[in-house]
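Novice: missing the sequence, but the structure's below:
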């Protein structure tokens, strides 16, 4: 890759000085070593230190730099800059209140995550050694535990846009199934009770935007389907 | 201006592995605890650890904590304190099993136990042959661990202050720590957290180097705060360069790749580690492997057009094994090197990774500093754990998987010590007059300064200076020049200018404050490195070469001692002896190190 200049159109809003949000056109020259969108943002910020966004690990495991990139949610650190149509349009994740620029208020997202009791429940006295789990049982957790809570999925889900306070959303439901699927967890019934509600689980209409955007290649829709199966099986 | 004061029994700064582990102890003991973090807890850099956590569970073959202790001391090039090391290795099984009980999704053996893989420097029977000691969840152990620890804290109702940046440590006239100042990033508001116990778990400062596996947030905030408050920094000349960062990008490739059978090759496809470490080969200690790689590159046997990287080869492994044990590595290779490691070897280079030194503590997690004749006097109310602390278990070189173990063991012990002290102790000590003045002055200077230094440029100058003058191989004259340069850069770092004056989520201000912390660590590193006239572990200099009198350049007669760097006292260095006396077993005697 050579030196090149990339055009951006970035959503800007600073509650301290702006009456309303606006789109800012800005360009930046990149070095051959700049590969990812986050590299470009770092260069942009060196030029204009007022651009605000979250970032940390820069390798797709911390989940900080989720944003809407040319209309699709993704992580800046895992998005190749050169594949993007210009101007690259950057907006905050949709459906959550904007605090500033590309930074959204994630309170509602985490509230839903917390609502599914995201921790192992096992009331047996703790044994001296590890609880045993067969490799096959452990494999059931693959595709579930890897979630990085970036919120790309939930904020691309129309059901979550409409009812962020009532629908748990794909990330929270993926986490719910992660514990339902864990052979060490004993709270299956309570977990299902907690989701048996017209909104919390059943607002998922399998639109599958969540699957389309997940930067870790996870499948919340499938996990939601499995929870629904467990509900049905419990009922009969 | 009156500053709000929030009162807690305990304040924990940092919500990575160490902070979250100590928070569990405090929350479960029913103490009123605040956990402050610059990022949502699961975004802390523990999340990026890959290969595993060490514990001599012996799930696949015989193992013993005493062997682990021996390996850790040898790995530390005998600079580690043997009491702390015994404590850590002995506690390993318990803390790992606890984590499993919290719900951590470890991989499993066929009989359902925690899966363990070999790792560099971990051997059976006092250095005989590699042993399976690293407890792993695929190559996402840190992620699985951090989420499990956060989840346990959700269960324990821990109170988090998410996206709050701690600014300065508050000490009273007697030197006791009585809390911290912190800024809510969303609003820019500064608040005093008044506490009876303050635990630092702020991680490392790997961002002092230009090429680093570390996250943007790893800016040594705890070390900067401690340094400004007159606490010395210990052994900061010792930085680990991880053998396998992705060339160019710096992203970590776990040693677990070599644990699963990966081989390092030079431009003629030679398995060169056989020459440097005939016994452990690719699984020698990290400092040894990084130096071997740097030597191969230096002598013209690097790969690629510019002969500037080494190849990490796993193409001989069964693709099913790669997909099962190293799926994250395959993704990283595709994302950051454009290479599918099932088909082609990965281009890697030694990359700054881990800070062995830090805030001096004992094995109970209490911060200890010189006072009169006592070189390790406890600072009342102050604790540190994880990468920001120096117990010291890693000495001059850390073994892979001992960092996750360190943060569990010392996170827990610091939490337990705080609980013990809080239960024994009385009311809050009074806040000193003007407790927030230093923080407010720093912020106001940033908001008002015109014509100051640019944050990005100054940071870049610091990172390049550290990379050029204090890298894998160090040179006496370069270190001297490095000291001059870093002192120049320090001046700029105290004269920063930002354009962004907003109170709302002002990331320019955060980055400037972070740079003020980073520069403390960079300075301590360069000056301590220049001062240590021997080679030991990760600190290797040309003017302390391998000789019959000083094998590997190590000089135990003069340098078997810890550095304590005092930035507030004219960059003074005081040395304190290494604790060679374990808690219950015999001393592991000094020996020349070879793998």
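Specialist: Structure's in. What do you need? Note that the structure is a prediction, hence the values are computed from the model and not measured.

Novice: which residues in the stretch 351-500 of chain B form strands?
Specialist: All strands of the stretch 351-500 of chain B, identified by DSSP state E, counting those that start in this stretch, fall at B:359-360, B:366-371, B:374-384, B:389-390, B:453-454, B:496-497.

Novice: what's the neighbour count on residue 15?
Specialist: Just so you know, I chose chain A. 16 (other C-beta atoms under 10 Å in any protein chain shown). No exception for glycine: its C-beta is placed from N, CA and C like everyone else's.

Novice: not quite, I wanted chain B
Specialist: Around residue B:15 there are 30 residues (other C-beta under 10 Å).

Novice: phi and psi next, for it.
Specialist: As for residue B:15, its main-chain torsions (degrees, to the nearest 10) stand at phi -130, psi 40.

Novice: check contacts around it.
Specialist: By C-beta atoms under 8 Å, 6 or more residues apart in numbering or on different chains, residue B:15 lies in contact with B:23, B:35, B:36, B:37, B:39, B:41, B:44, B:150, B:160, B:162, B:201.

Novice: how much space between it and residue B:407?
Specialist: 12 Å (C-beta to C-beta, to the nearest Å).

Novice: equivalent analysis for residue B:267, please.
Specialist: According to C-beta to C-beta, residue B:267 and residue B:407 sit 38 Å apart.

Novice: so between those two, which is more surrounded?
Specialist: Neighbour totals were compared for residue B:267 and residue B:407, and residue B:407 leads with 32 against 16 (other C-beta under 10 Å).

Novice: what's the closest of the contacts of residue B:15 to chain A?
Specialist: Top of the list for closeness to chain A, among the contacts of residue B:15 and by C-beta to the nearest C-beta, is residue B:39 at 5.8 Å.

Novice: so where's the longest helix in chain A?
Specialist: As assigned by DSSP state H, the longest helix anywhere in chain A is helix A:220-235.

Novice: make that chain B, sorry
Specialist: helix B:507-531.

Novice: picking up where we left off before, out of the strands of the stretch 351-500 of chain B, which one sits most buried?
Specialist: strand B:389-390 (a mean of 30; mean count of other C-beta atoms under 10 Å in any protein chain shown).

Novice: so which elements touch that strand?
Specialist: strand B:359-360 (3 or more C-beta pairs under 8 Å, 6 or more residues apart in numbering or on different chains; DSSP states H and E).

Novice: same question for the strand it packs on, mean pLDDT?
Specialist: Strand B:359-360 shows a mean pLDDT of 98.

Novice: relative to residue B:310, how far out is residue B:269?
Specialist: Separation of residue B:269 from residue B:310 (C-beta to C-beta): 11 Å.

Novice: oh sorry, the question was meant for residue B:184
Specialist: 45 Å.

Novice: just the strands in chain A please.
Specialist: A:4-12, A:22-30, A:66-69, A:72-75, A:88-91, A:98-100, A:103-104 (DSSP state E).

Novice: pick out the residue nearest the middle of the chain.
Specialist: I'll assume chain A. Central residue of chain A (C-alpha atoms, centre = their mean): residue A:151, 2.2 Å from the mean position.

Novice: that was the other one, I meant chain B.
Specialist: In chain B, the centroid-proximal residue (C-alpha atoms, centre = their mean) is residue B:387; its distance is 3.3 Å.

Novice: give me the nearest residue to that residue, chain neighbours excluded.
Specialist: Among residues not flanking residue B:387 along the chain, residue B:204 sits closest, at 4.0 Å (C-beta to C-beta, 6 or more residues apart in numbering or on different chains).

Novice: list the residues that contact that neighbour.
Specialist: Contacts of residue B:204 (C-beta under 8 Å, 6+ apart): B:45, B:214, B:218, B:220, B:354, B:355, B:358, B:387, B:388.

Novice: count the residues that sit near residue 230.
Specialist: Using chain A. Neighbour number of residue A:230 under other C-beta under 10 Å is 17.

Novice: actually chain B
Specialist: When neighbours are defined as other C-beta under 10 Å, residue B:230 has 15 of them.

Novice: where's it relative to residue B:354, distance?
Specialist: In this view, residue B:230 and residue B:354 are 26 Å apart by C-beta to C-beta.

Novice: that older thread, how about the contacts of residue B:204 in a markdown table, adding distance to residue B:515?
Specialist: Putting these into a markdown table (distance: C-beta to C-beta, whole Å) gives the following:
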| residue | distance to residue B:515 |
| --- | --- |
| B:45 | 18 |
| B:214 | 15 |
| B:218 | 13 |
| B:220 | 10 |
| B:354 | 21 |
| B:355 | 17 |
| B:358 | 19 |
| B:387 | 19 |
| B:388 | 17 |
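
Novice: which of those has the largest number of neighbours?
Specialist: Of the contacts of residue B:204, with other C-beta under 10 Å as the count, residue B:387 tops at 33 neighbours.

Novice: quick one: distance of stretch B:497-508 to the chain centre.
Specialist: Chain-centre distance of stretch B:497-508: 29 Å, with C-alpha atoms, centre = their mean, to the nearest Å.

Novice: and it, does that touch chain A?
Specialist: Yes. Judged by C-beta under 8 Å from any C-beta of the partner chain, stretch B:497-508 and chain A are in contact via B:498, B:499, B:500, B:502, B:503, B:504, B:505, B:506, B:507, B:508.

Novice: mind listing which of the contacts of residue B:15 are in strands?
Specialist: B:35, B:36, B:37, B:160, B:162.

Novice: and stretch B:469-483, what's buried?
Specialist: By neighbour count on 16 or more other C-beta atoms under 10 Å in any protein chain shown, the buried set for stretch B:469-483 is B:469, B:470, B:471, B:472, B:474, B:478, B:479, B:481, B:482, B:483.

Novice: show me the two of these that sit farthest apart.
Specialist: Farthest pair in those (C-beta to C-beta) is B:472 and B:483. Separation: 18.7 Å.

Novice: ok, back up a step: would you mind measuring from the residue nearest to the centre of chain B to residue B:535?
Specialist: From residue B:387 over to residue B:535 the distance is 23 Å, taken as C-beta to C-beta.
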